[in-house]
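Asks: structure for the following, please:
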Amino acid sequence: MGWLTEPLQFTFMQTGLLATVLVGGTCAVLGVYVVLRSMAFIGDALAHTILPGLVAAYLLGLNLLGGAVVAGVATALGIGWLSRRGTLREDTAIGVTFTGMFALGILLMSTTGSFRDFSHMLFGNVLGIVPRDLVLISVLALLVLGFLFLFHKELELTSFDPTHARAMGLEADKIRYGLLVLLSLTVVAGVQAVGVVLISALLITPAAAASLVTNSLPRMMAISAAIAVFSGVAGLYASYFFDVASGAAIVLACTTCFGVATVVRVLQQGLGKGSSA
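Replies: A predicted model of the protein is given here:
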């Protein structure tokens, strides 16, 4: 059992594990709505559009996650405004905002003359999280999970039956704006763990795996959160013992769980066909 306790002797591992649990759980729960609403592209876009906020904060000597929050929320509101009432198709609004903001981030990075300082933003470094960052991640996670708890019924109804939701008088646009803002905050919380490049996988893969094994929304959220937390811990241990990138290890652990869920789904379908025959 020594290999389980050995990494926990170090403060950076304790902080990293706590951050991974917070980020993984938040991404997994919100990711269920992202998958149900077919918003995977939005999650990927937001992960890239916070780059200029990160770089600007770095250049100004400000907190990186604070800069990411500003850029992420502004992007989410911009996408919602551009696509409101059918002014633009949502995927078009996402494409315009995504490419413009990401290009701005690259431009700002180029002014420093070196991309080396920003590698942790792109690929993540959960073991480099300091207590100050952990506090901000905790606040963001509590805000997102609290909102999801308070507006669970509205989010569930607008996800499964938006027509009925409108007939009941629910303002779907406001709920959608709120979900976009939550998504941007979750992306910001996860960037430090897995980076801009991989955060969309942490949002989508656990939820997609859970959707393969159950149709119940509460069970889907629980399974998704369990997969994300397990993958986060497994990825950190792999990073510690094998000296590999922590963000990539976490995402690959999620992908492995998705593969297992796919096999389970195929076996369930095979057994179902066999019993019906």
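Asks: the helix ranked longest in the chain: how far from the chain's middle?
Replies: Counting residues, the longest helix found in the chain (DSSP state H) is helix 172-213. Its chain's C-alpha centre lies 3 Å from the corresponding centre of helix 172-213 when counted by CA atoms, centre = their mean, to the nearest Å.
Asks: got a list of what residue 63 touches?
Replies: Residues in contact with residue 63 (CB atoms under 8 Å, 6 or more residues apart in numbering) are 57, 132, 136. No exception for glycine: its C-beta is placed from N, CA and C like everyone else's.
Asks: could you tell me which of the residues you listed count as buried?
Replies: Using 16 or more other CB atoms under 10 Å as the burial test, the contacts of residue 63 include 57, 136 as buried.
Asks: can you put the contacts of residue 63 in JSON lines and add distance to residue 33 and secondary structure?
Replies: Formatted as JSON lines, the contacts of residue 63 follow (distance: CB to CB, whole Å; DSSP: H, G, I helix; E, B strand; the rest coil):
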{"residue": "57", "distance to residue 33": "28", "secondary structure": "helix"}
{"residue": "132", "distance to residue 33": "30", "secondary structure": "helix"}
{"residue": "136", "distance to residue 33": "23", "secondary structure": "helix"}
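Asks: closest to residue 204 out of the contacts of residue 63?
Replies: Distances from residue 204 to the contacts of residue 63, taken as CB to CB, are shortest for residue 136 (23.5 Å).
Asks: check contacts around the closest one.
Replies: With CB under 8 Å, 6+ apart, residue 136 has these contacts: 63, 65-66, 189.
Asks: what is the orientation angle of whichever strand or helix holds residue 231 with helix 172-213?
Replies: Assessed by DSSP states H and E, residue 231 sits inside helix 217-242. On the basis of axes from the mean of the first three to the mean of the last three CA atoms, to 10 degrees, helix 217-242 is oriented at 70 degrees to helix 172-213.
Asks: picking up where we left off before, now, the contacts of residue 136 that are in strands?
Replies: Within these, no residue falls in strands by DSSP state E.
Asks: so which of those sit within helices?
Replies: Of the contacts of residue 136, the ones assigned to helices by DSSP H are 65-66, 189.
Asks: a markdown table for these, including neighbour count?
Replies: Formatted as a markdown table, these follow (neighbours: other CB atoms under 10 Å):
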| residue | neighbour count |
| --- | --- |
| 65 | 24 |
| 66 | 14 |
| 189 | 28 |
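Asks: for residue 128, state which of these is nearest.
Replies: Top of the list for closeness to residue 128, among the ones in helices among the contacts of residue 136 and by CB to CB, is residue 65 at 12.6 Å.
Asks: for the closest one, which non-adjacent residue is closest in space?
Replies: Using CB to CB, 6 or more residues apart in numbering and skipping the chain neighbours, the partner closest in space to residue 65 is residue 136 (5.0 Å).
Asks: flag whichever of the contacts of residue 136 scores worst on pLDDT.
Replies: Of all the contacts of residue 136, residue 65 has the smallest pLDDT value, namely 75.
Asks: can you pull the contacts of it?
Replies: Counted by CB under 8 Å, 6+ apart, residue 65 has contacts 133, 136-137, 188-189, 191-192.
Asks: now do it against residue 71, distance only.
Replies: 11 Å (CB to CB, to the nearest Å).
Asks: shaky segments in the chain?
Replies: The model of the chain has pLDDT under 70 over residues 1, 85-87, 113-122, 192, 197, 273-277.
Asks: all helices for it, in order.
Replies: Going by DSSP H, the chain shows helices at 2-5, 11-36, 40-49, 51-60, 64-82, 90-110, 119-123, 131-150, 152-160, 162-167, 172-213, 217-242, 246-276.
Asks: now do the last one against helix 11-36, angle only.
Replies: Using the same axes, to 10 degrees, the inter-axis angle of helix 246-276 relative to helix 11-36 is 40 degrees.
Asks: repeat for the longest one
Replies: Between helix 172-213 and helix 11-36, the angle formed by their directions is 100 degrees, by the same axes, to 10 degrees.
Asks: now helix 172-213 against helix 131-150, angle please.
Replies: 100 degrees.
Asks: so what's the closest residue in space to residue 104 that isn't next to it in sequence up against?
Replies: Excluding the flanking residues, the one nearest residue 104 by CB to CB, 6+ apart is residue 52, at 4.3 Å. By CB under 8 Å, 6+ apart, residue 52 lies in contact with 71, 101-102, 104-105, 108.
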